[in-house]
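Colleague: could you look at this predicted model? Sequence included:
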Amino acid sequence: MTETVEHAPTGLPEHPMPRATGCPFDPLPALRDLQARRPVSRVRIWDGSSPWLITRHEDVRALLGDPRISADPRRPGYPHRTAATRARDQVRSSFITLDDPEHARLRRMVTAPFTIKKMEALRPSVQRVVDDLIDRMLAGPNPVDLVEAFALPVPSLVICALLGVPYADHDFFQRNTQVLVRRTSTEDDVRTANEALTAYLEDLLAAKQAEPEDDLLSVLAEQRVATGELTRRQAADMGVLLLAAGHETTANMIALGTLALLEHPDQLALLRDGAEPKQVAAAVEELLRYLNITHSGRRRVALEDIEIGGELIRAGDGVILANDIANRDPDAFPDPDRLDLGRDARRHVAFGYGVHQCLGQPLARIELQVVYNTLYTRVPTLALATGIDQLEFKHDGFVYGVYELPVTW
Amino acid sequence: MRVEVDQPKCVASGQCVLVAPEVFDQDDDGIVVLLDTEPGAEHEEAVRESAAICPAAAIRLVQE
Ligand code: HEM
Ligand code: SF4
């Protein structure tokens, strides 16, 4: 296969699109238009190429579950997010960017801590983390930035304990992860941040191999690196993926979710008034569906010709599965722009779909259930300390959210 | 109703266990384990939802 960069004919919609002006939670009307009129259509991306954008819920699920598409960014035609991610993905390969059978072999090495039973067993310690942070917040200055005081520490503390990463290093790994998820980061920025994180994880793995503890990095070091099944570098790549995906996403769900609830007081009230565990679980699914923090689309490339939505995707064509707009598809979710914590949103694609569907979803669910069930009950007067129009949203992030959320109580 | 699971396909998402805990469980590595191959009618809806929600299409219902 030779690499041909297609120069898009003028008039193709540009991707990514910003959120709607006026509502920081809603997709742009143009994207909705595309979903209604041409649910499988070409868009133009930063490098001038024109991959397919898939916008309907049903089509997104069908293609993400289709073995004829590949998640491997080293294949020609893959629709890279930026020049910097293109450069990074040529040298790095954790399982999120590999296809089966290699993807399955590596993913299965780290699924054990994420079973529903193990996650349920973790719930009390997540509750303690959340309670402690709220205690500390209430004893500290008011107003405070909820991102810094609460949203980032909760998942960071939890993933650190699970992996065996010292939480004392949180400034280091949070800062470098921020670089990796920003569209505006240069190639140099990304390479430096990635190298720093990987070297850090390699050192940790070496230490764990010498002195194992009760955590996932020790398991990887003892059972996979020591046996030669993985190089230390490969294990470190996995560690970076788990550490980065394990805190940045959930943190954004906590802060942006809180903002959305403060803007929808009738919905917030449902969580405050002693909600049943089932209702809290449903609320988490609905907020995942409604907020769509992983809004830059799942990226894939076709391995064979695929017919879908009346169009023919050719082998080698890039494909962007727009899980954000798919979660607002009226055919899948009636009245899709309404935040309705009582609806059944379980079929959302906020965690993706297919073999790459989020590995950490059981953990994210427990964290979000505990947070949404605790924060607003313990701090019933929680309110935004600034106007919503003063907030800086992560329009430049691969993961959406707010940079800061000043709150008062 | 008979249920079949395809363990090699399972990606350990745990979704079926959340939806139908009386019918599905996971082994130590998170791979699906079938607790009941012929669940009663009271579980039919949950099993259907599990099959629909499974990201790996690893759950199949066989209607008899
Ligand atoms: C609310 C929080 C989260 C959201 C919205 C989220 C979203 C996603 C999405 C959309 C994917 C699919 C990627 C693709 O198909 O290309 C994914 C994959 C992944 N996520 Fe998450 N995630 C969250 C939390 C977590 C947590 C807490 C962890 C870690 C412990 C984690 C670890 C991973 C990993 C390792 C993958 C790659 C799976 C694979 O390729 O097989 N995520 N996540
Ligand atoms: S829902 Fe599917 S992939 Fe997830 S654990 Fe059950 S069988 Fe496995």
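Modeller: Here it is on my side, so go on. Ligands and ions are numbered 1, 2, ... in the order given.
Colleague: near ligand 1, which residues of the stretch 1-150 of chain A show up?
Modeller: Taking CB under 6 Å from any ligand atom as the test, the list of the stretch 1-150 of chain A residues beside ligand 1 reads A:71, A:95-96, A:107. The way it works is simple: take the backbone N, C-alpha and C, and place the C-beta from them, glycine included.
Colleague: now with 8 Å, please.
Modeller: A:64, A:71, A:94-98, A:103, A:107, A:110, A:114 (CB under 8 Å from any ligand atom).
Colleague: those in helices, which ones?
Modeller: A:64, A:103, A:107 (DSSP state H).
Colleague: include distance to chain B and pLDDT when you put those residues into TSV, please.
Modeller: Shown next, in TSV, are these (distance: CB to the nearest CB, whole Å; pLDDT from 0 to 100):
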residue	distance to chain B	pLDDT
A:L64	8	97
A:H103	9	96
A:R107	7	96
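Colleague: quick one: the helices in the stretch 1-150 of chain A, in order.
Modeller: Using DSSP state H, counting those that start in this stretch, the helices of the stretch 1-150 of chain A run over A:29-37, A:57-64, A:83-91, A:102-107, A:116-139, A:146.
Colleague: deepest-packed of those helices, please.
Modeller: Each of the helices of the stretch 1-150 of chain A was scored by mean neighbour count; the highest is helix A:146, a mean of 24, by mean count of other CB atoms under 10 Å in any protein chain shown.
Colleague: which other helices and strands contact that helix?
Modeller: helix A:232-263 (3 or more CB pairs under 8 Å, 6 or more residues apart in numbering or on different chains; DSSP states H and E).
Colleague: picking up where we left off before, now the ones in helices among the residues of the stretch 1-150 of chain A next to ligand 1 as CSV including distance to ligand 2?
Modeller: Below are those laid out as CSV (distance: CB to the nearest ligand atom, whole Å):
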residue, distance to ligand 2
A:L64, 13
A:H103, 14
A:R107, 11
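Colleague: what is the nearest of those residues to B:A41?
Modeller: A:L64 (31.8 Å; CB to CB).
Colleague: redo the ones in helices among the residues of the stretch 1-150 of chain A next to ligand 1 as a markdown table? Include distance to A:E263.
Modeller: As requested, those are arranged in a markdown table below (distance: CB to CB, whole Å):
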| residue | distance to A:E263 |
| --- | --- |
| A:L64 | 30 |
| A:H103 | 39 |
| A:R107 | 37 |
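Colleague: endpoints of stretch A:271-282, how far apart?
Modeller: 11 Å (CA to CA, to the nearest Å).
Colleague: quick one: contacts of it?
Modeller: A:261, A:270, A:283, A:341-345, A:365, A:369, A:372-373, A:376-377, A:380, B:18 (CB atoms under 8 Å, 6 or more residues apart in numbering or on different chains).
Colleague: which element follows the helix ranked longest in chain B toward the C-terminus?
Modeller: Using DSSP H, we find that the single longest helix of chain B is helix B:44-53. Using DSSP states H and E, the helix or strand that follows helix B:44-53 in sequence is strand B:59-62.
Colleague: just list what that following strand packs against, helices and strands only.
Modeller: If contacts are counted by 3+ CB pairs under 8 Å, 6+ apart, strand B:59-62 sits against strand B:2-5, helix B:44-53.
Colleague: which of those sits closest to chain A?
Modeller: helix B:44-53 (5.9 Å; CB to the nearest CB).
Colleague: contact partners for the closest residue to A:E263 other than its chain neighbours?
Modeller: Leaving aside its sequence neighbours, A:E263 sits nearest to A:I388 (CB to CB, 6 or more residues apart in numbering or on different chains; 6.8 Å). Applying CB under 8 Å, 6+ apart, we find A:I388 in contact with A:24, A:259, A:263.
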